[in-house]
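Visitor: The sequence and its predicted three-dimensional model are supplied below.
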Amino acid sequence: MSTTLTPDAAGLAPDRHDIELSIGGMTCASCANRVERKLNKLDGVAATVNYATEKARATVPDGMDPAVLVAAVESAGYTALIPRPAVPEATDTGGGEEPDPTAALRTRLVVSSVLAGPVVAMAMIPVLQFTYWQWISLALAGPVVVWGALPFHRAAWTNLRHGAATMDTLISLGTLAALGWSLYALLFGMAGMPGMTHPFELTITRGDGTSNIYLEVAAGVTTFILAGRYFEARSKRNAGAALRALLELGVKDVAVLRDGVESRIPVVQLAVGDRFVVRPGEKIATDGTVVEGSSAVDASMLTGESVPVEVRVGDPVVGATVNAGGRLVVAATRVGSDTQLAQMARLVEAAQTGKAQVQRLADRVSGVFVPIVIALALATLGFWLVTGAGAATAFTAAVAVLIIACPCALGLATPTALLVGTGRGAQLGILIKGPEVLESTRRVDTVVLDKTGTVTAGAMTLVAVHVAGTEDEDAVLRLAGALEDASEHPIAAAVARAARERHDTLPAVEEFTNHEGLGVQGVVDGHAVLVGRPALLAQWSQPLTGDLADVAHTESAKGRTTVAVAWDGAPRAVLVVADVVKPTSAQAIAQLRGLGLTPVLLTGDNRAVAESVAAEVGIDISPNTVIAEVLPADKLAVVRRLQAQGKVVAMVGDGVNDAAALAQADLGLAMGTGTDVAIEAGDITLVRGDLRAAADAIRLSRSTLRTIKGNLFWAFAYNVAALPLAAAGLLNPMLAGAAMALSSAFVVGNSLRLRRFRSTSI
């Protein structure tokens, strides 16, 4: 519990240090690559940029001014800030809830959808085309293209200033071109005449185009792409929530002892050397050493391990753990950013920022696709002008090229599959946080399983009662349960809970005494009862002998906790308490093996416990597949070591100490029955707390990824196949819009197939 995490663990050279930047203005993974390349061009800088978290982490030589990094990012057309260091005392700002960063985008999407709906309907359904309908369409479509698509126009302008082109460039060009030609046709052509109709015909004609308007294309494309961006932004919104959840484990105030007087002060005022009081049920305010009292400390919120730790005078304790027993007085040894909680927060943050980049297929192709389309549109315009076909015909053909290539279906390919896949997953207790996690599931070959709360139930349970001779098991539980019911120890609670399941009421206890670290004694129904460690019975000259001694030795060797029971001068029974394996864990391990994964058990418990659990659930027992006695920082190191060996690692865990490993893993699966920080650090949350859901999550993720790839292929296929027709002047832009709508319909229909996904565990 006293492990100190140091910067050396990160492997940094002594003359180098890390600087973190918050990056603004990125709209796709290619933006992150551009910033990363810009930073890495600086002498001595090694940087990674994470699009999902919108952060850059740079290892720089000592003495380098952070302003140099900021200037490099700004020279690429983006913004950069050095965030204030996050420490536990900064968690309670009193500023209310954090504003929703997607609110503005949601407003833009809703307004654009309301305005674009009638425009598309009037263009596609001739019966709705009343007199002057085209001018109403212009009034509705104009704000959509100008205001709704403003983020795309801004990004396109920024890219243009820096000699780059992305999908934003194509969206901006396509929508503005469609709007511009529509304005030309309305003001100077035949499209503005009263009674003009716009038949929806899939015909290939070559004309001057001055009677055609493409407002539905401009407004529809804008709305579809806004929807895609909004769903993507939602999936990224909680990227930094793991760090906040971790810091919020800390307390806000503390009862400090100064000059013998106890008073409550904000934890930010606590100084090293201060003594503070921790009552039963309270969290320990900061790292320190016990100077008065003894108790059992529940570290499960921080370590994920269910067995409480006995502490007494001189023992170290860690902030954010819970005092489960008696009153403690603790002397603070580390406060603020020096505490283990804060250091674990930095581990989570570093693991998130350093996670491997996942490039979306559309963004990878856009680097080549967008410039080619723009060049083709310009070439088409020039060709028809040179051949004397007229400006209207040339411009119509060029607009058709831009519109047929405008990535409406590309914008829908990922979010629609993700929405259907995640919606189905939610019904099955599987929460997938975003498309960026899916690609890893296809390549994962190793799954690391935290033991407590993941493979096991995560709570102490009475698993066996061994009685001496002809003693009655119910009578043993009745007396032992009554005495343990008076104790606050979690192991005692497990015994008392089992006793209540067999007996409606438990007898009263007289002369109750707690023996520090050994057990309890008292008088129950006239019997002098002892319950606790075998050593307690030995102190009272009632040692375990014969079969009871053998049972205690055997169960202890398995890593289980043995509780000896004696009364009236003789040992009567041995109770066995353990964190039991979940009933479905063995089946889940078999399913994970069926997916081609190698399961690895990872735990802070001793090796005997770990091997016992591994044997029970079907995990091979070897040093590579059963890793025991690991400290919080070691779990992250284990994942990194496996990755260094070429493994693609999935991590399943539920404790705060799993958070950094979950963030570092290629795929993090957090049990929903665990801590908030573990859930936020994971890529996928298993709400049911059933390990079989991990296999379902990987199957669903792989299916969703296959659907996204299929969507992207057909989105390109529809558009690319029609590009030659558009360039040849044989494709009316209206037909281009129809083809684009058809590709979008296909993408949606293909995504809906994910609704048929079935779980193997429900």
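Guide: On my side now, so go ahead. Numbering: from 1, shown residues only.
Visitor: Poorly predicted segments of the stretch 251-400 of the chain, please.
Guide: Where the stretch 251-400 of the chain drops to pLDDT under 70, the residues are 300-307, 340, 343-369, 392.
Visitor: Which stretches in it count as helices?
Guide: 300-303, 340-353, 361-386, 391-405 (DSSP state H, counting those that start in this stretch).
Visitor: Can you give the distance of stretch 165-182 from its chain's centre?
Guide: 35 Å (Cα atoms, centre = their mean, to the nearest Å).
Visitor: Buried residues, it. List them.
Guide: 165-179, 181-182 (16 or more other Cβ atoms under 10 Å). C-betas here are computed from N, CA, C, even on glycine.
Visitor: and if you look at stretch 179-199?
Guide: 179, 181-186, 189, 191-192, 196, 198.
Visitor: Pick out the lowest-pLDDT one from those residues.
Guide: Lowest pLDDT within the buried residues of stretch 179-199 is found at residue 198 (69).
Visitor: could you measure residue 290 against residue 621, distance?
Guide: 37 Å (Cβ to Cβ, to the nearest Å).
Visitor: just the helices in the stretch 551-700 of the chain please.
Guide: For the stretch 551-700 of the chain, the helices defined by DSSP H, counting those that start in this stretch occupy 585-594, 607-617, 632-644, 659-664, 676-681, 692-727.
Visitor: Mind telling me which of the ones you listed the model trusts least?
Guide: Minimum mean pLDDT among the helices of the stretch 551-700 of the chain: helix 676-681, a mean of 60.
Visitor: still on that earlier bit, in CSV, list the buried residues of stretch 179-199 along with secondary structure and distance to residue 658.
Guide: Formatted as CSV, the buried residues of stretch 179-199 follow (DSSP: H, G, I helix; E, B strand; the rest coil; distance: Cβ to Cβ, whole Å):
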residue, secondary structure, distance to residue 658
179, helix, 51
181, helix, 56
182, helix, 56
183, helix, 58
184, helix, 61
185, helix, 61
186, helix, 61
189, coil, 65
191, coil, 62
192, coil, 65
196, coil, 65
198, coil, 59
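Visitor: quick one: the strands in the stretch 351-500 of the chain?
Guide: Here the stretch 351-500 of the chain has its strands, by DSSP state E, counting those that start in this stretch, at 430-432, 446-450, 456-467.
Visitor: next one: the shortest one to chain centre, how far?
Guide: Computed by Cα atoms, centre = their mean, the separation of strand 430-432 from the middle of its chain amounts to 9 Å.
Visitor: Renumber starting at 60 from here on
Guide: I'll keep to 60 as the first residue from here, and by that count the last item is strand 489-491.
Visitor: Rounded mean pLDDT for it, please.
Guide: Across strand 489-491, the average pLDDT comes to 73.
Visitor: try stretch 556-564
Guide: Average pLDDT, stretch 556-564: 85.
Visitor: related to what we said a few turns ago, of residue 349 and residue 680, which one has the most company?
Guide: Taking other Cβ atoms under 10 Å, residue 349 and residue 680 do not tie; residue 349 has more neighbours (21 against 13).
Visitor: isn't the more buried one right up against residue 388?
Guide: Yes: counting by Cβ atoms under 8 Å, residue 388 is a contact partner of residue 349 at 7.3 Å.
Visitor: Can I get the helix or strand encompassing residue 106 in PDB? Just the C-alpha atoms.
Guide: Applying DSSP states H and E as the criterion places residue 106 in strand 105-109. Below are the C-alpha coordinates for strand 105-109, written out as PDB (Å, rounded to 0.1, in the frame of the first residue of the first chain):
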ATOM      1  CA  ALA A 105       9.800  13.000 -29.600                       C
ATOM      2  CA  ALA A 106       6.100  13.700 -29.700                       C
ATOM      3  CA  THR A 107       2.800  11.700 -30.000                       C
ATOM      4  CA  VAL A 108      -0.500  13.400 -30.700                       C
ATOM      5  CA  ASN A 109      -3.800  11.700 -29.700                       C
END
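Visitor: Sheet partners, orientation included, of it?
Guide: Strand pairing for strand 105-109, determined by DSSP bridges: strand 114-120 (antiparallel).
Visitor: what's the next secondary structure element after the strand it pairs with?
Guide: Downstream of strand 114-120 (by DSSP H and E), the next one is helix 125-134.
Visitor: between the buried residues of stretch 238-258, which is nearest residue 744?
Guide: Using Cβ to Cβ, residue 238 comes nearest to residue 744 of the buried residues of stretch 238-258, at 42.6 Å.
Visitor: Against residue 138, how distant is that closest one?
Guide: For residue 238 relative to residue 138 (Cβ to Cβ), the value is 29 Å.
Visitor: again, but for residue 648
Guide: The value you get for residue 648 to residue 138, if Cβ to Cβ is used, is 47 Å.
Visitor: quick one: which of those two has more around it?
Guide: Remark: of residue 648 and residue 138, residue 648 carries more neighbours, 25 against 13, as counted by other Cβ under 10 Å.
Visitor: Check the burial of residue 616 by counting its neighbours.
Guide: Residue 616: 10 surrounding residues under other Cβ under 10 Å.
Visitor: cool, the one 4 residues further on as well?
Guide: Other residues near residue 620 come to 17 when the count uses other Cβ under 10 Å.
Visitor: Now for the residue nearest to it when sequence neighbours are not counted: which residues touch it?
Guide: The shortest distance from residue 620 to any non-neighbouring residue, by Cβ to Cβ, 6 or more residues apart in numbering, is to residue 636 (4.5 Å). Residues near residue 636 by Cβ atoms under 8 Å, 6 or more residues apart in numbering: 519-522, 550, 553-554, 619-622.
Visitor: 10 Å instead, please
Guide: Neighbouring residues of residue 636 by Cβ atoms under 10 Å, 6 or more residues apart in numbering: 366, 519-523, 549-554, 557, 614, 619-622.
Visitor: Just the buried subset of those residues, please.
Guide: For the contacts of residue 636, buried by 16+ other Cβ under 10 Å: 366, 519-522, 549-554, 557, 614, 619-622.
Visitor: so residue 605 touches residue 527, yeah?
Guide: Yes: in this structure, residue 605 is within contact of residue 527 by Cβ atoms under 10 Å, at 7.6 Å.
Visitor: out of those two, which sits in the busier spot?
Guide: Neighbour count, other Cβ under 10 Å: between residue 605 and residue 527, residue 527 has more, with 19 against 10.
Visitor: Now do the same contact list for the more buried one.
Guide: Per Cβ under 10 Å, 6+ apart, neighbours of residue 527: 535, 603-607, 610, 624-625, 629-633.
Visitor: Look up how far residue 566 lies from it.
Guide: 21 Å.
Visitor: just to revisit the earlier point, closest one to residue 809 among the strands of the stretch 410-559 of the chain?
Guide: That would be strand 489-491 among the strands of the stretch 410-559 of the chain, by Cβ to Cβ, at 17.8 Å.
Visitor: Just list the residues touching the residue lying farthest from the centre of the chain, thanks.
Guide: Distance from the C-alpha centroid of the chain peaks at residue 447, with 58.4 Å (Cα atoms, centre = their mean). Residues in contact with residue 447, defined by Cβ under 10 Å, 6+ apart, are residue 453.
Visitor: Only the buried residues of stretch 579-591, if you could.
Guide: Along stretch 579-591, these residues count as buried under the neighbour rule (16+ other Cβ under 10 Å): 579-583, 588-591.
Visitor: Pull up the distance across it, start to finish.
Guide: One end of stretch 579-591 sits 6 Å from the other (Cα to Cα, to the nearest Å).
Visitor: which residues touch residue 507?
Guide: 513, 657-661, 684, 686, 694, 697-698, 701, 706, 708-712, 717, 720-721, 724, 727-728.
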